[in-house]
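>>> with the sequence up front, the predicted model follows.
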Amino acid sequence: MSHISVRQAEIAVEQAHVDVVYARVEDMRVEARDMRRKGDQLAHGARNEAIFEQASMLFERDVMVRHANQILRSLDAEHEGLVFGRLDTGDGETMYVGRLGIRDGNFDNLVTDWRAPAAAAFYQATAERPMDVVRRRVIRSTGQSVVDIDDDLLAPEKRPEGMAVVGEGALMASLTRARGDRMRDIVATIQKEQDEAIRAPWRGITEITGGPGTGKTAVALHRVAYLLYRDRRRMGGSGVLVIGPSPAFTSYISRVLPAMGEDTVELRSLGEVLDGALAVGADPPEVARIKGSLRMRRILKRVLREEPPDAPRELRITYRGEVLKLDARELAKVRRQVHSAGRPPNQSRVDAAEALLEALWRQADGRPGMDHDELVTALGERIDFHRFVVVWWPIRTAAEVLASLADPARIAGAAGRSLSDREIGLLASSWAGGQGPTVADVALLDELRVLLGQPSKRHRRRLAAAAAAELRAWGERGDAPAYRRTEHYDEYSHIVVDEAQDLSPMQWRMVGRRGKYASWTVVGDPVQSSWPDPDEAASARSSALGPRTALRRFTLNTNYRNSAEIFELAAQVVTDVSTPDQLPKAVRSTGVKPAVRTVAQSELAAAVLHETRTILSEVDGTVGVITPTSRLAGVRTMLSDVDDSRLSVVDGVEAKGLEYDAVVLIEPTELVSEATTGPRTLYVALTRATQRLTVLTSDPSWPS
Ligand SMILES: Nc1ncnc2c1ncn2[C@@H]1O[C@H](COP(=O)(O)OP(=O)(O)OP(=O)(O)O)[C@@H](O)[C@H]1O
C-alpha cells in the first residue's frame, strides 16, 4: 500500500470509532433530557405529598436535574475533536482519549477523559520511558470528521506486525496552523513538562514560570479544567477565579475552558476584580507606580480619618432655650475620638452620634436645669440633630472617597511626607478629569471598600446600587463578561493569577483578599515584568498568598509561539535584564527573518498603512499592530480604512499575553522610553508573533 493509502486507511479506522462515539453522545443526550424531565415530574408529585416526603423528593429532584444539566452542558460544549488521541499498549490494548469520558451501554470505555489518571500516559510517555505505550496517535478532526492523524512510535521493539505509523508530528502541525482571535485549547498536544504542572496536586501554591510562548497561560487553564474534574466538589463549591492583565486578554482566553466543557470559571481582568468595576484605562507609568505602591495603603487609611468634603464645620442646636455650639476644633476632636476606637467609618455612625451628644453635654454641663440623661435622650431624638449627623458622618462609597482626592490639599493632608509635591500633583490630576477609574484605581477602590467597612443593612442596598452606578458611569465596557456568580462574595477555592510578575503590591492585596482559604496557581515570567519595585511586590505577594506550606515550582523551557528567527531578535533586547537560562528555546524555524525598516517620521503613516496591508495579504491568520501608548489613537486613525476583522491595534501594555500570526511593531525605541521598565515592554511586544514580524522605526540605530 502506498504511503497515502496507508494514511487514508488509518483515518477510516479512526472515523469508524469516532462515529460510534458521536452516536453514543446522541443517546446520552436523550437519556439526560429524560432524566431532567423525570426530575421535574418528581417535584410536581412532591407538591401533593406530606411535608417530610416533600423535602426528600425535592432534594432528589435537585440532584437529578443538576446532574442532567451538567451532562447536557458538557455534551453541548464545542466538540471539535471530541476524540483526539489513541494509545496502543504493549499487551495489545487500545485506549481512546478525549475531552469527555464516554462509556457505551455496557459501561465499557469508548473514550477516556484526558484528565483521568489512565490518560496520563498519553502526555507523559516518551521514547526513553514509554510507560507500556507502543504507539501514541493524535487524531485531528473538523466537526465529526477525522481529517488527519499523527503517530509517535515509542517502543519500536514491541510494534506488532501490521501496525501502521504515519504523520510528521502533531505538535509541529498544531504550532504552524493560523491563529484565530481566540486561544485554542491544547489538549491533544500537551507536552510532558506542561502535563506535570497541569496535574500537580491542588493544595498550596503552584508556581509556573517560563519565558514568552512557553504555554504558561494554556497550562494554567488546562490545570483549572483538570482540578475541576478531579475535585469538582471542592473546586466547584466556592468557585475558581482566573485573573489576567486586561479584558483583551480575558476575551482572548475565554473559549479555552468552555471548549473543555467547563463554563463556571470566572475570568476577570485586573480592572474587574472588584465587583461592578470595569476599568480598562492605564495611568502613565509614573502615576501607576505611585498608585500601586504600599504607601497608598497608609494614605487611604488617613484620608478616611479626615473630614469628608461637605461636612459642616459647626454644630449649633437649641435646647431648653440655650444655644449649644460645637465649633470646628471641637468637631475635629470628636471625629478623632470616634476614629480612635478603630471601627471602620461606615460602621461608626452611631458611635459618632453618641460622641457628639457627649460633646454637647460638656457644653451644657453646669448650666441651670440641665441633666445629662435628659439631654442625651431629647437631642438624640431630634430630627435636626439627625440631619446634622447624616451630613457630618456620611456613609460613603469607595468611589466617592477616591473622587474627593482630586483635591491636592486632601491628599497632602493624608500623605504627610510620604509623597513629594510632584507626586501629589500627579495623583490629584489623575483623579480630577472625571474619566473614571483606571486599572490601578480598582485596587485602591477595593482597599477603600474594606477600610470603610460594611455599613448596616439599611444602608447597604442603597450604597451597593450607588457604588455600582458610579463604577459603571466611570468605566463602561462593551461586551458582557462570560460568567459571574450571581451573589457577591469574594472567596474562591482556587485562584489563577496570570502575568503575575506585573501585579503591583496594592493589586496583590486586592487579589489576596479573594483567596483567604484558596489554593493558587501563579503564572509569570520575571523577565517580562513591568513592575519597577520587585522587592515590594514580592513581599506583598507573599502576604497575599499567606503562609502556605506547599509551594511547588514548574519551569517551562520551550517557546512554542515564536519562530526561532523572531525570538532571536527579541532575546537581544533583554540581554541586560536576564540571564541566558531565563530565556526559553524556540523550537520552530520558518526561515523568515523579521523585517526591520527604517522610515522617516514624516513617512511613518504611509509605511504603517502599507506594511499592514501587505502583511494582511500575505498571512492567513491574525495581525497585530503594536504601538507605543502615545501613538495608539494616531495609529488607529491611520488604519481606520483597513476593513479586516483579523486586524487588531494595541499598545505594548495591552499586548501582554496575546498572540498574532504576524505583528507590525511601530517605533520600538519609544516603547522602551515611555514605560518604566522599558526593555521588558519591548520584549513582550517582540514576542507576540508566531510567523512574521515587521518593525518600523525612525531610529536608525535600532536594533542596537
Ligand atoms: N503543547 C502545546 N501544543 C500546542 N500548542 C501549544 C502548546 N503549548 C503552547 N502552545 C501554544 O503556544 C502559544 C503560547 O502559549 P501561551 O500563550 O500559553 O504562552 P505563555 O507562556 O503564557 O506566553 P506569554 O508569557 O508570552 O504570554 C499558544 O498559541 C499556545 O496554544
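Thanks, I have the structure now. Residues are numbered from 1 along each chain as shown.

>>> name the nearest residue to V599, ignoring sequence neighbours.
Nearest residue to V599 in three dimensions, chain neighbours excluded: A607, at 4.4 Å (Cβ to Cβ, 6 or more residues apart in numbering). Heads up, the C-betas are built off the backbone N, CA and C, glycines and all.

>>> identify the residues contacting the one you found.
Going by Cβ atoms under 8 Å, 6 or more residues apart in numbering, A607 touches 597, 599, 696.

>>> mind doing that once more with 10 Å?
597-600, 638, 664, 666, 694, 696-698 (Cβ atoms under 10 Å, 6 or more residues apart in numbering).

>>> repeat that for I139.
10-11, 14-15, 17-18, 81-86, 96-98, 146-150, 170, 188.

>>> likewise A414?
Contacts of A414 by Cβ under 10 Å, 6+ apart are 298-306, 405, 424.

>>> helix, strand or coil for whichever residue of the stretch 601-704 of the chain sits closest to the ligand?
Here the stretch 601-704 of the chain gets closest to the ligand at one residue, G657, 4.3 Å apart by Cβ to the nearest ligand atom. Applying DSSP: H, G, I helix; E, B strand; the rest coil to G657 yields a three-state assignment of coil.

>>> please report how far M506 lies from the ligand.
M506 sits 23 Å away from the ligand, going by Cβ to the nearest ligand atom, to the nearest Å.

>>> quick one: the helices in the stretch 551-700 of the chain, in order.
564-572, 604-618, 632-638, 668-674, 678-686 (DSSP state H, counting those that start in this stretch).

>>> how far off centre is the fourth one?
Right, the one you point to is helix 668-674. Centre-to-centre, helix 668-674 and its host chain are 26 Å apart (Cα atoms, centre = their mean, to the nearest Å).

>>> may I have it as CSV, with CA atoms only?
The C-alpha trace of helix 668-674 is given here as CSV (Å, rounded to 0.1, in the frame of the first residue of the first chain):
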residue,chain,number,x,y,z
PRO,A,668,10.3,50.2,19.4
THR,A,669,12.5,52.9,20.9
GLU,A,670,9.5,54.8,22.1
LEU,A,671,8.1,51.7,23.6
VAL,A,672,11.2,51.5,25.7
SER,A,673,11.3,55.1,26.8
GLU,A,674,7.6,55.5,27.7
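
>>> list the buried residues of that helix.
Buried residues in helix 668-674, counting neighbours by 16 or more other Cβ atoms under 10 Å, are found at 668-672, 674.

>>> swap in the first one?
With burial defined by 16+ other Cβ under 10 Å, the residues of helix 564-572 counted as buried are 565-567, 569-571.

>>> and it, anywhere near the ligand?
No - under the criterion of Cβ under 6 Å from any ligand atom, helix 564-572 makes no contact with the ligand; the nearest approach is 10.0 Å.

>>> get me the contact residues on the chain for the ligand.
So the chain meets the ligand at 171, 174-175, 183-184, 186, 189-191, 194, 210, 212-218, 525, 560-561, 657, 659, 687 (Cβ under 6 Å from any ligand atom).

>>> which ones are touching the closest residue to G652 other than its chain neighbours?
Distance criterion Cβ to Cβ, 6+ apart; nearest residue to G652, sequence neighbours excluded, is T681 at 4.3 Å. Taking Cβ under 10 Å, 6+ apart, we find T681 in contact with 285, 528-530, 573, 626, 628-629, 651-653, 655-656, 668, 671-672, 674-675.

>>> over to A332?
Counting by Cβ under 10 Å, 6+ apart, A332 has contacts 306-307, 313, 326.

>>> if we go to 8 Å?
E307.

>>> again, but for L175
560-561, 587-588, 690.

>>> hang on, it in a helix?
Yes - looking at L175 with three-state DSSP, it is inside a helix.

>>> I253 contacts A220, correct?
No - here I253 does not reach A220: they are 9.2 Å apart, not a contact under Cβ atoms under 8 Å.

>>> what touches both of those two?
Joint contacts of I253 and A220 (Cβ under 8 Å, 6+ apart) are V242.

>>> and these two? which has more neighbours close in?
Each of I253 and A220 has its neighbours counted (other Cβ atoms under 10 Å); A220 has more, 23 against 20.

>>> secondary structure element for the more buried one?
helix 216-230 (DSSP states H and E).

>>> what does the helix or strand following that helix rub up against?
Moving toward the C-terminus from helix 216-230, the first helix or strand encountered (DSSP H and E) is helix 232-238. Residues outside helix 232-238 that contact it (Cβ under 8 Å, 6+ apart) are 202, 227-228, 264, 489, 491-494.

>>> what do you get if the cut-off is 6 Å, keeping everything else the same?
Outside helix 232-238, the residues that touch it by Cβ atoms under 6 Å, 6 or more residues apart in numbering are 227-228, 491-494.

>>> from those, which would you call buried?
227-228, 492-494.

>>> out of those, who's nearest the ligand?
L227 (17.2 Å).

>>> thought the closest one was touching R203?
No - L227 is not in contact with R203 according to Cβ atoms under 6 Å; the separation is 10.6 Å.

>>> before we move on, the earlier item: reformat the contacts of A414 as CSV; add neighbour count and pLDDT.
Shown next, in CSV, are the contacts of A414 (neighbours: other Cβ atoms under 10 Å; pLDDT from 0 to 100):
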residue, neighbour count, pLDDT
R298, 13, 95
I299, 23, 97
L300, 22, 98
K301, 14, 96
R302, 15, 96
V303, 21, 97
L304, 18, 97
R305, 14, 95
E306, 16, 94
L405, 20, 96
I424, 20, 97
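
>>> now those residues as JSON lines including secondary structure and distance to V511?
Shown next, in JSON lines, are these (DSSP: H, G, I helix; E, B strand; the rest coil; distance: Cβ to Cβ, whole Å):
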{"residue": "R298", "secondary structure": "helix", "distance to V511": "20"}
{"residue": "I299", "secondary structure": "helix", "distance to V511": "20"}
{"residue": "L300", "secondary structure": "helix", "distance to V511": "17"}
{"residue": "K301", "secondary structure": "helix", "distance to V511": "20"}
{"residue": "R302", "secondary structure": "helix", "distance to V511": "24"}
{"residue": "V303", "secondary structure": "helix", "distance to V511": "22"}
{"residue": "L304", "secondary structure": "coil", "distance to V511": "22"}
{"residue": "R305", "secondary structure": "coil", "distance to V511": "26"}
{"residue": "E306", "secondary structure": "coil", "distance to V511": "28"}
{"residue": "L405", "secondary structure": "coil", "distance to V511": "23"}
{"residue": "I424", "secondary structure": "helix", "distance to V511": "27"}
